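Peer 1: sharing a sequence plus its predicted fold:
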Amino acid sequence: MNPLCGRCNLVVYPTEKINCLDKYWHTRCFRCEVCNMSLNMKNYKGFAKRPYCNAHYPRANFTCVADTPENIRLKQQSKMQSQVLYKEDFEKNKGKSFTVVTDTPELQRLKISQNQVSNVKYHEEFEKSKTPHLHEELKSKTQHQQPAFQPPAASQNYHYDPAPEPVRPAAAAPPPSAGKRYRAVYDYAAADEDEVSFMDGDVIVDVQQIDEGWMYGRVERTGQQGMLPANYVEAI
């Protein structure tokens, strides 16, 4: 049985049949729905199973939706819900995103070498800055220092010769202490009962090495004994 045409609903014979858009058409009926231009299989465009030419092919346009009070309320509500969910996830995952790096032997070696280099550079800069400062202090003290006694001016009838000041004997040097001697390069305040406090420039005697980071010794200025950090002192 021959099918019917999609436009005129008449029988379509095989000699004039076009099969397109899930329908059968007469050659003369296969035309544009708008301008009635004759179409073929190369220049037609289908929309909703109907043939159109290129000029009258329906094109979909975007629809603009006005911000009604209901749409604004829904927008604000969705924004608040997203913020609440974000804060909950942030509180749950807070502090869990940090990556823990294990102290491999290579990292430990690099860390120790960096500490040594930084300490050496700091000591060099500290000694360079400390020397001119001491010279300026000594110079200012000598300039502003006044003599302890000034003899009165001699008159025409009397001549006064001041008596020479007695020469004091030099103080005997303290006996050397047993053990190693170190000099403090930083101030340190004791953080525990078994530690000892000292100031920059103090001499620590009878020093004994406990481990890589701590020593035991006696501050020569105060006479106190205790543990002290090894990176705060240098050997004399």
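Peer 2: Arrived safely, thanks for sending. Bear in mind the structure is a predicted one, so any value in this text is a computation, not a measurement.
Peer 1: any weak-confidence spans in this structure?
Peer 2: 60-66, 95-103, 121, 128-179 (pLDDT under 70).
Peer 1: ranges for the helices of it?
Peer 2: Here the chain has its helices, by DSSP state H, at 69-93, 105-144.
Peer 1: of all those helices, which lies closest to Leu10?
Peer 2: Leu10 lies closest, by CB to CB, to one member of those: helix 69-93, at 51.2 Å. In short, each C-beta sits where N, CA and C put it, glycine included.
Peer 1: how distant is that closest one from the center of its chain?
Peer 2: Here the centre of helix 69-93 is set off from its chain's centre by 30 Å, with CA atoms, centre = their mean, to the nearest Å.
Peer 1: what do you get for stretch 205-213?
Peer 2: Centroid displacement of stretch 205-213 relative to its chain, using CA atoms, centre = their mean, is 36 Å.
Peer 1: send the alpha carbons of that stretch over as PDB?
Peer 2: Output of stretch 205-213 as PDB, limited to C-alpha atoms (Å, rounded to 0.1, in the frame of the first residue of the first chain):
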ATOM      1  CA  VAL A 205      83.000  28.100  83.100                       C
ATOM      2  CA  ASP A 206      83.200  24.400  84.000                       C
ATOM      3  CA  VAL A 207      81.100  23.600  80.900                       C
ATOM      4  CA  GLN A 208      80.100  20.000  80.300                       C
ATOM      5  CA  GLN A 209      78.400  18.900  77.100                       C
ATOM      6  CA  ILE A 210      75.100  17.000  77.800                       C
ATOM      7  CA  ASP A 211      73.800  16.500  74.300                       C
ATOM      8  CA  GLU A 212      73.800  18.300  70.900                       C
ATOM      9  CA  GLY A 213      71.500  21.100  72.100                       C
END
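Peer 1: what's it in contact with?
Peer 2: 177-182, 215-218, 220, 225, 227, 229-231, 233 (CB atoms under 8 Å, 6 or more residues apart in numbering).
Peer 1: any chance of the helices of the chain in a markdown table with distance to Lys49 and mean neighbour count as columns?
Peer 2: Shown next, in a markdown table, are the helices of the chain (distance: least, CB to CB, whole Å; neighbours: other CB atoms under 10 Å):
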| stretch | distance to Lys49 | mean neighbour count |
| --- | --- | --- |
| helix 69-93 | 35 | 10 |
| helix 105-144 | 71 | 10 |
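Peer 1: want to throw those into a markdown table with distance to Tyr52?
Peer 2: Shown next, in a markdown table, are the helices of the chain (distance: least, CB to CB, whole Å):
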| stretch | distance to Tyr52 |
| --- | --- |
| helix 69-93 | 35 |
| helix 105-144 | 72 |
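Peer 1: pretty sure Ala230 is touching Met215, no?
Peer 2: Yes. Counting by CB atoms under 8 Å, Ala230 touches Met215, with 5.2 Å between them.
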